[in-house]
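**Student:** Here's a sequence, model it:
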Amino acid sequence: QVQLAESGGGLVQAGDSLSLSCEASGRTDNVIGMGWFRQAPAKEREFIAAITWGGKTTYYADSVQGRFTISRNNAKNTVRLQMNTLKPEDTAVYYCAASKGVAQSMRSMSRVDYWGKGTLVTVSS
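**Tutor:** Numbers count the residues shown, from 1 in each chain. Okay, the predicted model is just below:
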C-alpha cells in the first residue's frame, strides 16, 4: 500500500499563487505516475496534472495549462503543484494521486491506484 498526504491548501484571493505538496509513504517503489485531481462542490472529480517517474514529461488539463506546474522529487517521495494566477473557479478540494501505470494514463480516474485525502483550496474574487 501507498499512503499520500497533501498539504498547502488554504484561502487566497484571485490572482494569487499557492503551492500544494504531497508526500508518499509505504510501498512507493510501486508508484510510477503521480498527479493531481480536484473536485469542486457539486461537480465530478477532474484531472489536473500528472508527471512521469523521471519528471521530464508532464500533462495538464486545458483549464490549468500555463498557470499550474507539477514537479516531483523521487528522493523525497514528493510531488508538488505550483498554482499561479488562481481564479475563483479553481476553488475545489485537491487530491494527490499515484499510479502503478504511466503518467499519461492518469487522465482517467480508473488508472489511479492511490488517493490522498485531499486539501481544500478556496479562491475568493
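**Student:** wait, isn't residue 31 in contact with residue 101?
**Tutor:** No. Taking contacts as C-beta atoms under 8 Å, residue 31 lies outside contact range of residue 101: 9.8 Å. Every residue, glycine included, has its C-beta placed from N, CA and C.
**Student:** Counting neighbours around each, name which of the two comes out higher.
**Tutor:** When residue 31 and residue 101 are compared for neighbours, residue 31 comes out ahead with 22 against 14, by other C-beta atoms under 10 Å.
**Student:** Over to the more buried one: give its phi and psi.
**Tutor:** The phi/psi pair for residue 31 (degrees, to the nearest 10) reads phi -90, psi 130.
**Student:** how about the strands in this structure?
**Tutor:** 2-7, 10-13, 18-26, 33-39, 46-51, 58-60, 68-73, 78-83, 92-99, 114-115, 119-124 (DSSP state E).
**Student:** Quick one: closest of the ones you listed to residue 108.
**Tutor:** Set against residue 108 and scored by C-beta to C-beta, those come closest in strand 46-51, at 7.6 Å.
**Student:** So for the closest one, what gets flagged as buried?
**Tutor:** With burial defined by 16 or more other C-beta atoms under 10 Å, the residues of strand 46-51 counted as buried are 47, 48, 49, 50, 51.
**Student:** Contacts only, for the residue most central in space within the chain.
**Tutor:** Central residue of the chain (C-alpha atoms, centre = their mean): residue 36, 2.0 Å from the mean position. The neighbours of residue 36, taking C-beta atoms under 8 Å, 6 or more residues apart in numbering as the test, are 20, 22, 48, 49, 50, 70, 79, 81, 94, 95, 96, 97.
**Student:** Residue 59: how many residues sit nearby?
**Tutor:** Neighbourhood size, residue 59 [other C-beta under 10 Å]: 19.
**Student:** so it makes contact with residue 49?
**Tutor:** Yes. Applying C-beta under 8 Å as the test, residue 59 and residue 49 come out as touching, 6.5 Å apart.
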